[in-house]
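*Asks:* Quick one: sequence and predicted model below, then my questions.
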Amino acid sequence: MRKSMTSLLLLAAILPASAQTSSPPANRGANTPAVNSPNSPPNPGAPVAGANSFTEGQAKSRIEEKGFKNVHELKKDDAGVWRGKADQNGKTVTVSVDFQGNVVAQ
């Protein structure tokens with residue numbers, strides 16, 4: 001009984017270590033951030049659909065950091081993109097923030 005218990009413990013210690021070394025990383029180009037920094041250029045395909053973890057306040061702050069004023073009517077749509085309105089150069093425009101932090105005006 002003691003021998004089989006020792007064997008099981010040894011096997012339990014070896015299996016997780018071998019599983020970690022045999023799998024390639026999920027993203028080979030891991031230099032691409034999941035969330036862009038506020039000063040990075042937007043993704044050309046933005047806004048990108050995806051699970052958005054930004055709160056309304058964070059989305060509003062991102063928009064304001066890009067120079068927009070009077071951000072209002074922010075709502076997260078079914079694609080996970082925050083959409084609303086803001087003032088830019090004296091005009092009201094439609095703005096959006098995706099899960100990567102890309103701010104797009106239309």
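*Replies:* Arrived safely, thanks for sending.

*Asks:* where do the helices sit along the chain?
*Replies:* 2-22, 56-65 (DSSP state H).

*Asks:* For the first one, give the mean pLDDT please.
*Replies:* It stands for helix 2-22. Taken as a whole, helix 2-22 carries a mean pLDDT of 54.

*Asks:* What of the last one?
*Replies:* Average pLDDT, helix 56-65: 96.

*Asks:* And the strands in this protein?
*Replies:* All strands of the chain, identified by DSSP state E, fall at 69-76, 82-88, 91-97, 103-105.

*Asks:* how about those strands in CSV, adding distance to Asn52, mean pLDDT and mean neighbour count?
*Replies:* The C-beta positions use only the backbone N, C-alpha and C, and glycine is treated the same way. As requested, the strands of the chain are exported to CSV (distance: least, CB to CB, whole Å; pLDDT from 0 to 100; neighbours: other CB atoms under 10 Å):
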stretch, distance to Asn52, mean pLDDT, mean neighbour count
strand 69-76, 6, 97, 13
strand 82-88, 7, 96, 19
strand 91-97, 8, 96, 17
strand 103-105, 13, 92, 19
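
*Asks:* Among the ones you listed, which comes closest to Pro44?
*Replies:* Across these, the minimum distance to Pro44, taken as CB to CB, is reached by strand 103-105, at 10.3 Å.

*Asks:* Given the closest one, what are its sheet partners and their directions?
*Replies:* Partner strands for strand 103-105, per DSSP bridges, with pairing direction: strand 91-97 (antiparallel).

*Asks:* got the contact list for the strand it pairs with?
*Replies:* Contacts with strand 91-97, where a contact means CB atoms under 8 Å, 6 or more residues apart in numbering, come from 46-47, 52, 54, 59, 62-63, 68, 71, 81-87, 103-106.

*Asks:* about what we covered before: would you mind giving the strands of the chain as CSV with distance to Pro41 added?
*Replies:* Listed next are the strands of the chain as CSV, based on distance: least, CB to CB, whole Å:
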stretch, distance to Pro41
strand 69-76, 21
strand 82-88, 18
strand 91-97, 15
strand 103-105, 11
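
*Asks:* Look up the closest residue to Gly80, ignoring the ones flanking it.
*Replies:* Leaving out its chain neighbours, the residue that sits closest to Gly80 by CB to CB, 6 or more residues apart in numbering is Asn52, at 4.0 Å.
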